[in-house]
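**Q** Any chance you can model this:
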Amino acid sequence: MSSRRNVFAVLFAATLAACGGGGGGGGDAPGAGLSASSGGTGGTGISFGVMTVGSAIVNGVRFEDSTANITIDDTPKTASDLRDGMVVKLRGIRNTDGVTGTAERIEVENEVRGTVQSTNPAALPPAFVVVDQTVLVDDLTVFASFLPVPASPGAAVAALTAATSMVEVHGQRDAAGNIRASRLELLTTNPLGDELRGRLTGLDTLARTFSLSAVPVSYGPITAITPAGASLAENARVEIHGSFNGATFVATRIDLEDLEDAQFQPGANDDVELEGFIVGFTVHPGTFTINGQTVQTTSGTRFENGSALDLADDVKVEAEGRVSGGTLVAEKISFRRGRVLLTGGATVTGTIPGAGTLEVFGKPIQITGLTEIDATSGITNEPVEVRGYVDSAGAIVAERIKDNPGGGGKDILQARVTDEVANVLTVLGIDADLTSATQFEDANDQPLSGGLSAFLAAVTPASSGAPGTLVKVKGTFNLGTIAVEEAELEN
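**A** Numbers count the residues shown, from 1 in each chain. Here you go, the predicted structure:
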């Protein structure tokens, strides 16, 4: 019997699936508090994630959910009611094989529900407002009950009508408090009333008011508060139901989620995995939060699918470790979007930020309203460093751009290998010729014994079901090819 308990807290639109309905997604606080398992199991745990069709899959672990206790909006449901993109909490047992398990309890959590107030389908990313919350829609958002199915995030938002369309949104908050939608469902009716989740502030028990995600809320003496007998407290995590009266949301029911979900709270000996957007990042090693949970990185933290240099606000990650004094001490940080890095001469047309365009190594870079630009005098035709990801349509999306890159003046490219012919790798459609490279490093930044042949042997191009090896190459770019001088394997 294992003496160490496993807790899985997936706090974003993650890879979580459910029998009879989809799965993967966001959540709120990490889970835990479970006893060690026996009978050949690898441990018990709790996951917060977004559903995908199939058995519940969290970080590569497939949980059988046919016997799970399932609730949606505090109403008992079955596995057939679970749908793609729903945000869930999952408690279960992981088997010793590390890749299968059994779900015991699944609870579905949406972030907001109500009537759309305004839309902006032309924004990057497209956005709309509901219950005074800004919702951002991207290539990972699941669209439900739209006819026809939207061809793009912008088309989905364009299909919404202000003051008429009713929606339910699953997702998680970014550093600005926006909801990054994992599921957007168009409703024909709203019998459960408007709904909003978050941590209350400015509680006035005499006036019976507080604020929730910048929304003024009032509640009366007959407002139902659950669990029965519980009292509101500053910074309590709550879910409110009700409707607007002018600019004030009048709550008819308030659920205290910290009390209702005590079984999801992590204990000192629990293993925790939690996913979401980084908020409040300053420096590594250091601390930041993911969906309200403090995460601490140390000099011993391992990084996968990127490096410590990729840490920044609004970057989606999975943190794994153990909780100490309320803080998750991260043993590993995995980046949920494949990280790309391009450092080299930029070609700029027009004004950036604005309506201008940017290319690096001949590749167009998509700049959105969320892109952080660190430039002393604007982005001009000069060397720049672009960090971001490749979306599902193949576009390079910039999360950060700076005009004072490192790298000693060398051109740098980091991404996954899609092809390999002799000594030439294809990375982001660019040829990386390793023939003249003199320095090779492994994923731990250590010299790779065996040089070129060992490096090539460690590289696997992308194929069906496999993303390809993440590499970083440094050298000189010319006419579609980087003559590589240094090559590194990345986790």
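
**Q** ranges for the strands of the stretch 301-450 of the chain?
**A** Ranges of strands within the stretch 301-450 of the chain are 302-304, 316-324, 327-335, 339-349, 357-360, 363-374, 383-390, 396-402, 411-421, 424-427, 430-433, 439-441, based on DSSP state E, counting those that start in this stretch.

**Q** will you turn those strands into TSV that also has mean neighbour count and mean pLDDT?
**A** Glycine gets a C-beta too; all of them are placed from N, C-alpha and C. Output for these, formatted as TSV (neighbours: other Cβ atoms under 10 Å; pLDDT from 0 to 100):
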stretch	mean neighbour count	mean pLDDT
strand 302-304	18	91
strand 316-324	22	87
strand 327-335	21	91
strand 339-349	20	90
strand 357-360	19	91
strand 363-374	17	92
strand 383-390	22	92
strand 396-402	21	93
strand 411-421	19	95
strand 424-427	21	96
strand 430-433	20	97
strand 439-441	17	95
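
**Q** Please produce JSON lines containing the ones you listed, extended by distance to P121.
**A** Below are these laid out as JSON lines (distance: least, Cβ to Cβ, whole Å):
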{"stretch": "strand 302-304", "distance to P121": "35"}
{"stretch": "strand 316-324", "distance to P121": "23"}
{"stretch": "strand 327-335", "distance to P121": "29"}
{"stretch": "strand 339-349", "distance to P121": "24"}
{"stretch": "strand 357-360", "distance to P121": "21"}
{"stretch": "strand 363-374", "distance to P121": "13"}
{"stretch": "strand 383-390", "distance to P121": "22"}
{"stretch": "strand 396-402", "distance to P121": "18"}
{"stretch": "strand 411-421", "distance to P121": "30"}
{"stretch": "strand 424-427", "distance to P121": "33"}
{"stretch": "strand 430-433", "distance to P121": "33"}
{"stretch": "strand 439-441", "distance to P121": "45"}
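
**Q** Out of those, the one nearest T119 is which?
**A** strand 363-374 (14.8 Å; Cβ to Cβ).

**Q** so how far is the closest one off the chain centroid?
**A** 18 Å (Cα atoms, centre = their mean, to the nearest Å).

**Q** in its sheet, what does that strand sit against?
**A** strand 357-360 (antiparallel), strand 396-402 (parallel) (DSSP bridges).

**Q** now it against strand 411-421, angle please.
**A** Per axes from the mean of the first three to the mean of the last three Cα atoms, to 10 degrees, the angle that strand 363-374 makes with strand 411-421 is 150 degrees.

**Q** re earlier: please name whichever of the strands of the stretch 301-450 of the chain is nearest to E185.
**A** strand 316-324 (21.7 Å).

**Q** just checking, what packs against that closest one?
**A** Applying 3 or more Cβ pairs under 8 Å, 6 or more residues apart in numbering; DSSP states H and E, one finds that strand 316-324 makes contact with strand 270-279, strand 327-335.

**Q** repeat that with 10 Å
**A** Under the contact criterion of 3 or more Cβ pairs under 10 Å, 6 or more residues apart in numbering; DSSP states H and E, strand 316-324 touches strand 5-8, strand 270-279, strand 287-290, strand 293-296, strand 302-304, strand 327-335.

**Q** which regions of the stretch 51-200 of the chain sit below the pLDDT cut-off?
**A** Of all residues in the stretch 51-200 of the chain, those with pLDDT under 70 make up the ranges 51-61, 98.

**Q** that older thread, who wins for proximity to T134 among the strands of the stretch 301-450 of the chain?
**A** strand 363-374 (10.7 Å).

**Q** sorry, back to before: do you know which of the strands paired with strand 363-374 lies nearest D433?
**A** Comparing those by Cβ to Cβ, strand 357-360 comes nearest, at 18.4 Å.

**Q** just to revisit the earlier point, redo the helices and strands packed on strand 316-324 as TSV? Include distance to T351.
**A** Listed next are these as TSV, based on distance: least, Cβ to Cβ, whole Å:
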stretch	distance to T351
strand 5-8	45
strand 270-279	28
strand 287-290	32
strand 293-296	37
strand 302-304	35
strand 327-335	31
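
**Q** Can you give the contact residues for stretch 206-224?
**A** Contact with stretch 206-224 is made by 111-112, 131-133, 173, 177, 179, 196-205, 225, 232, 234, 236, 238-242, 244-255, as judged by Cβ atoms under 10 Å, 6 or more residues apart in numbering.

**Q** looking at the helices and strands packed on strand 316-324, which is closest to G429?
**A** Closest of the helices and strands packed on strand 316-324 to G429 is strand 327-335, at 21.1 Å (criterion: Cβ to Cβ).

**Q** Which one, of the helices and strands packed on strand 316-324, ends up nearest to G388?
**A** Closest approach to G388 among those (Cβ to Cβ): strand 327-335, 11.1 Å.

**Q** Just checking: what are the partner strands of the closest one?
**A** If you go by DSSP bridges, strand 327-335 pairs up with strand 293-296 (parallel), strand 302-304 (parallel), strand 316-324 (antiparallel).

**Q** Could you grab the helix/strand/coil label for D138?
**A** Assigned by DSSP: H, G, I helix; E, B strand; the rest coil, the conformation of D138 is coil.

**Q** do L456 as well
**A** Per three-state DSSP, the secondary structure class of L456 is helix.

**Q** who's in contact with it?
**A** If you count contacts by Cβ under 10 Å, 6+ apart, L456 has them with 420, 422-423, 425, 434, 440, 450, 487.
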